[in-house]
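Colleague: quick one, structure for this:
(chains A, B, C and D)
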There are 2 protein chains.
Amino acid sequence: MKATRPPTESARVEQVLTVALEVFGRHGFRKTSMEDVARAADLSRQGLYLHFPNKEILFQAAVRHELDTALDEVSQCLNKESGGLDRRIVSAMDAWLGRYVGSMLASDISTMLENPASQLKDIVEPAIAAFDAQVAATIASATTKTDLRRLRVTPEDVAAVLHTAGQGAKYLSRSRDEFVARITAATHLVLAGLHTTSSARR
Amino acid sequence: MKATRPPTESARVEQVLTVALEVFGRHGFRKTSMEDVARAADLSRQGLYLHFPNKEILFQAAVRHELDTALDEVSQCLNKESGGLDRRIVSAMDAWLGRYVGSMLASDISTMLENPASQLKDIVEPAIAAFDAQVAATIASATTKTDLRRLRVTPEDVAAVLHTAGQGAKYLSRSRDEFVARITAATHLVLAGLHTTSSARR
DNA sequence: GGTTGACAGATTTTGCCAAATATGTAAAGT
DNA sequence: ACTTTACATATTTGGCAAAATCTGTCAACC
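Modeller: Below you'll find the predicted structure:
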């Protein structure tokens, strides 16, 4: 019940990655030095190089770790026993996007994704796909095929719309509370269409 | 039937404003000179100054004109006879946001809005409110109070969700077609909740 | 598994200055 | 209702060298 997959990294390294992402998030990739990360992680700069061959790879690892963590959290939210489908989806969206509401990280990463040479694509895009798939699966298991057929939509379509609304909410919101409010309203309305009777588990 | 309000500006000035917005849109406010605008509008730079005291005000006027035009177009889309509610809303969203899909203008304006001293706030925010209000009114007239009460939402809530989804679609889309596809899916699902029987006019 | 200190080479930042470009005003002309 | 020419005053740009900072690697040490 502890970890869904064997821990690739030691606890120490995981902690470094967490701190690193936080530091990168403050001033962006370019304006963050290895020294900054090392200091924040309570480690010498050279100590960092023992774990990561260069800054680029450190960043990639930090992003990967972040996405893995977020996906785990999303998974927990979606599979919670308590709460209706609405609540589970809202908390999942919040776990997935909410933390980036005012952060530089989102725009930083998305500019990096423009670069075709960037390895980041191979890290970020599968994670996004995995998120969408999880949401779609949850939708699928909590709705009837009749309802889906009546509206002529697939669970994937519904997940895509929620994804779109999530991006919009992130973009429009100045605080995390505002984000949650918007995504709550959107989720409520979207799910209303396939009137799920508040709970349904397979 | 021609103009909903008396034309504040002459046709010539209107044409200048249209061109100006297009030019500003290409390289952003800062990197666009009065010379650039004048040339594009087939006018001398000094001719421009006869109409607008300075660059700032020219830009504001161009934005205001653009928003007015867009709102008129939105109005036409929403009040069209033909087509169901879905189609009307999708075309309205496209008229309102679709043209900015790859443009610098959106980000340019939104950074200007950060500045509390900017007069742009007083131009843009009312326009956004007017758009939301129009959409809300359309929703209101095409749905039953019963449906709204059943979902415990106001037409304004629905409009806000569509607005959120629209922003997300604009942000995620690389082409206008993609934008339309996303917004179509979102509208379809959102409206499905208050199962409007395809047409309803008051 | 780390520490410190030192190093070459690359990149960024800084300060400065000259040249170019842009803004806004004005006058005179059509 | 414009145009052209001209002008004072910013603001932006480009070059260019010195200084600072950052990266990545090594050695020596615990």
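
Colleague: other residues contacting the helix or strand of chain A with the lowest mean pLDDT?
Modeller: Taking mean pLDDT, DSSP states H and E as the measure, chain A has helix A:105-114 as its least confident helix or strand, at a mean of 86. Residues outside helix A:105-114 that contact it (Cβ atoms under 8 Å, 6 or more residues apart in numbering or on different chains) are A:21, A:24-25, A:28-29, A:63, A:100, A:118, A:120-121, A:124, A:170. For the C-beta atoms, the positions are set from N, CA and C on the backbone; glycine is no exception.

Colleague: restricted to strands, list those residues.
Modeller: Under the assignment DSSP state E, the contacts of helix A:105-114 contribute nothing to strands.

Colleague: hmm, which of these is lowest in pLDDT?
Modeller: Ranked by pLDDT, the contacts of helix A:105-114 bottom out at A:S118 (84).

Colleague: for the helix or strand hosting A:L71, what is the distance to the chain centroid?
Modeller: Here A:L71, judged by DSSP states H and E, is contained in helix A:55-79. Remark: helix A:55-79 is offset 7 Å from the chain centroid, using Cα atoms, centre = their mean, to the nearest Å.

Colleague: for the helix or strand following it, C-alpha coordinates in CSV please.
Modeller: Using DSSP H and E, the helix or strand that follows helix A:55-79 in sequence is helix A:85-97. The C-alpha coordinates for helix A:85-97 follow below in CSV (Å, rounded to 0.1, in the frame of the first residue of the first chain):
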residue,chain,number,x,y,z
LEU,A,85,-17.9,11.7,-8.4
ASP,A,86,-17.9,15.5,-8.4
ARG,A,87,-15.8,15.9,-5.3
ARG,A,88,-13.3,13.2,-6.4
ILE,A,89,-12.8,14.9,-9.8
VAL,A,90,-12.5,18.3,-8.4
SER,A,91,-9.9,17.2,-5.9
ALA,A,92,-8.0,15.4,-8.6
MET,A,93,-8.0,18.5,-10.9
ASP,A,94,-6.8,20.5,-8.0
ALA,A,95,-4.0,18.0,-7.3
TRP,A,96,-3.1,18.1,-10.9
LEU,A,97,-3.3,21.8,-11.8
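
Colleague: so what's A:L120 closest to, chain neighbours aside?
Modeller: Spatial nearest neighbour of A:L120, excluding adjacent residues (Cβ to Cβ, 6 or more residues apart in numbering or on different chains): A:M112 at 5.1 Å.

Colleague: roughly how far does the one you found sit from A:L105?
Modeller: 10 Å (Cβ to Cβ, to the nearest Å).

Colleague: looking at these two, which is more packed in?
Modeller: A:L105 (20 against 17; other Cβ atoms under 10 Å in any protein chain shown).

Colleague: pLDDT averaged over stretch A:72-87 - what is it?
Modeller: 94.

Colleague: can you classify the closest residue to A:D68 other than its chain neighbours as helix, strand or coil?
Modeller: Leaving aside its chain neighbours, A:D68 sits nearest to A:A127 (7.9 Å; criterion: Cβ to Cβ, 6+ apart). Judged by DSSP: H, G, I helix; E, B strand; the rest coil, the three-state class of A:A127 is helix.

Colleague: with the one 3 residues further on instead?
Modeller: For A:A130, the reduced secondary structure class is helix; criterion used: three-state DSSP.

Colleague: for the residue nearest to A:D68, give me its contacts.
Modeller: Per Cβ under 8 Å, 6+ apart, neighbours of A:A127: A:67-68, A:70-71.

Colleague: related to what we said a few turns ago, what packs against the helix holding A:L71?
Modeller: helix A:11-27, helix A:34-40, helix A:85-97, helix A:120-142 (3 or more Cβ pairs under 8 Å, 6 or more residues apart in numbering or on different chains; DSSP states H and E).

Colleague: where's A:L78 relative to B:C77, distance?
Modeller: In terms of Cβ to Cβ, A:L78 sits 37 Å off from B:C77.

Colleague: still on that earlier bit, in the helix holding A:L71, what's buried?
Modeller: A:55, A:58-68, A:70-71, A:73-75, A:77-78 (16 or more other Cβ atoms under 10 Å in any protein chain shown).
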